[in-house]
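Chemist: Next one to model:
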Amino acid sequence: MSKPLPQSLRICFVSQKFPIFDRTAECGYLWPLTLKLSQLGHQVAIITPDQSVDRISKPPERVQIYRLTSFRDSALDQFEQLHLENPFDIVHSVDNSGLPIALNKKQLGVNFVTDVKGTQLDQIFGLWALAEESVTSYLKTSFAILTKFLKSFFGDDRKLLKNSDGVFVASLEQFNILERYYRYPAFRTFVIPFGIDGQTFEQNTSPSKNVFLDIGVPEDYKIILTITSFIHLEETKNLLSAFERVAIKKPHSALIIVGQGPHQQELEAHMLNLALASKVWFVNPTNVENIDLMIKNCDAFVNLFSKSSGFEPTVLDAMAAEKIVIASDIGTSGQVITNGVDGYLLRPTEIAALSRILLQIVSEQIDSRSLGVRAREKILKMFDNQKMVEQTILTYKKILIQSGRYKK
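Modeler: From the prediction side, this is the model:
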């Protein structure tokens, strides 16, 4: 028999990554969402191996954090213990780490939802990104996509989707792919776009480039900024190659690459081969405030990352900061950027075109002020932070009602 839908929900987040105070990181929306949910009276538990949660000495009221060192082996056990003490209404797995819970949801008597990140959709989607415009490249790419899709779909992806009461996606593109190719029911797929806090990038103070002076960039340099994970190299290598031409013609230009990852040395070697040692700065992300300041005070922001069918948070943030953004036209950036009007769209392999646009920016041949204002107006209208939170709560409740366990 269905029971009344509670006003205050008990929600459990399960995720390999749970970045704290780093909105631009993958899953960077999770901690702000957790805070908003708790402020609205909902109980939230977090199960994760991510060491960044150790930075929270005292969790907010209604938030419990459980960091597990042997995450894959003990996440289900930890959840069962918590669920036995005080049952949860819904489990929200941000990736596929919640699969063991999903497989046991009937015995546990709990509803289960996952983000589309739990599937291999983005990896499949990203194979298109670096394909050259030739028949041979197209055939190779098509074969690689088909192989990856079949392997993932008949692996954990099908298990995860079959046992999910709902899937959260960030874009209509993801919605359509799930329905057409994964055959996932449309009524169980929910589009909840990324949220932007407009106050973070209010242009109410005079620009200051001290954040770049502190790392050794001369004051009169034009700043091109990119933020990357150093996992996928080709886009960043292409940016370095394009910047080489800019640096030759406009010596007072700098490229700042913010990020960390396993392939940084390879990127640094590529930079040295291009003789850009005095023009490129590699910066490890320290805290969200520094990243925000860098976005606020750069002259152009580049993100050619194209291995995601969702929205890139840094692209949205840079647009909110009224910056000229150059993004990949493979993916969802085309849904928020009108090429040449409020930003620029390029394929990650278009090195010459990228170089040309960067030269126009550092030469001040582009009206960056008007373009930036249009970008901010559009992004704040499309990605409202409060709306994201409200839609998330409404979706949780809709999933609970659809499951038959609860009634209005």
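Chemist: For the closest residue to Arg62 other than its chain neighbours, grab the count of nearby residues.
Modeler: Spatial nearest neighbour of Arg62, excluding adjacent residues (C-beta to C-beta, 6 or more residues apart in numbering): Ser38 at 4.1 Å. For glycine as for every other residue, the C-beta is placed from the backbone atoms N, C-alpha and C. Neighbours of Ser38 under the rule other C-beta atoms under 10 Å: 18.
Chemist: cool, Val167 as well?
Modeler: Neighbours of Val167 using other C-beta under 10 Å come to 23.
Chemist: what's the answer for Asn210, then?
Modeler: Around Asn210 there are 9 residues (other C-beta under 10 Å).
Chemist: before we move on, the earlier item: so the residue nearest to Arg62 sits right up against Gln64, yeah?
Modeler: No - look at Ser38 against Gln64 with C-beta atoms under 8 Å: they stay out of range, at 10.0 Å.
Chemist: who touches both of the two?
Modeler: Counting by C-beta atoms under 8 Å, 6 or more residues apart in numbering, the shared contacts of Ser38 and Gln64 are Val44.
Chemist: residues touching Pro251, list them.
Modeler: Neighbouring residues of Pro251 by C-beta under 8 Å, 6+ apart: Lys279.
Chemist: And this protein, split by domain according to the record?
Modeler: The chain breaks down by automatic domain parsing into domains covering 3-195+384-407, 199-382.
Chemist: can you list those in JSON lines and add mean pLDDT?
Modeler: Formatted as JSON lines, the domains of the chain follow (pLDDT from 0 to 100):
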{"stretch": "domain 3-195+384-407", "mean pLDDT": "84"}
{"stretch": "domain 199-382", "mean pLDDT": "87"}
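Chemist: where do the strands sit along the stretch 151-300 of the chain?
Modeler: Here the stretch 151-300 of the chain has its strands, by DSSP state E, counting those that start in this stretch, at 166-169, 189-191, 222-228, 253-259, 280-283, 300-303.
Chemist: Mean neighbour count, those: which tops it?
Modeler: strand 300-303 (a mean of 26; mean count of other C-beta atoms under 10 Å).
Chemist: Who are the packing partners of it?
Modeler: strand 222-228, helix 313-320, strand 325-328, helix 351-362 (3 or more C-beta pairs under 8 Å, 6 or more residues apart in numbering; DSSP states H and E).
Chemist: So what are the sheet partners of it and their directions?
Modeler: strand 222-228 (parallel), strand 325-328 (parallel) (DSSP bridges).
Chemist: what sits up against it?
Modeler: 222-228, 239, 295, 312, 314-315, 318, 323-328, 333, 354, 358, 361-362, 368.
Chemist: Quick check: end-to-end length of stretch 95-103?
Modeler: Using C-alpha to C-alpha, to the nearest Å, the end-to-end distance of stretch 95-103 comes out at 14 Å.
Chemist: now stretch 257-267
Modeler: 10 Å.
Chemist: Pull out the buried residues from it.
Modeler: Of all the residues in stretch 257-267, those buried under the rule 16 or more other C-beta atoms under 10 Å are Ile257, Val258, Gly259, His263, Gln264, Leu267.
Chemist: And stretch 337-355, by the same measure?
Modeler: So for stretch 337-355, counting by 16+ other C-beta under 10 Å, buried means 337, 342-351, 354-355.
Chemist: so where do the helices sit in the stretch 1-150 of the chain?
Modeler: Using DSSP state H, counting those that start in this stretch, the helices of the stretch 1-150 of the chain run over 30-39, 71-85, 99-103, 105-108, 121-126, 135-152.
Chemist: For the stretch 201-350 of the chain, just list every one of the helices.
Modeler: 210-213, 234-249, 264-273, 288-297, 313-320.
Chemist: Which of the residues in stretch 169-182 are classified as buried?
Modeler: Val169, Ala170, Ser171, Glu173, Gln174, Phe175, Ile177, Leu178, Tyr182.
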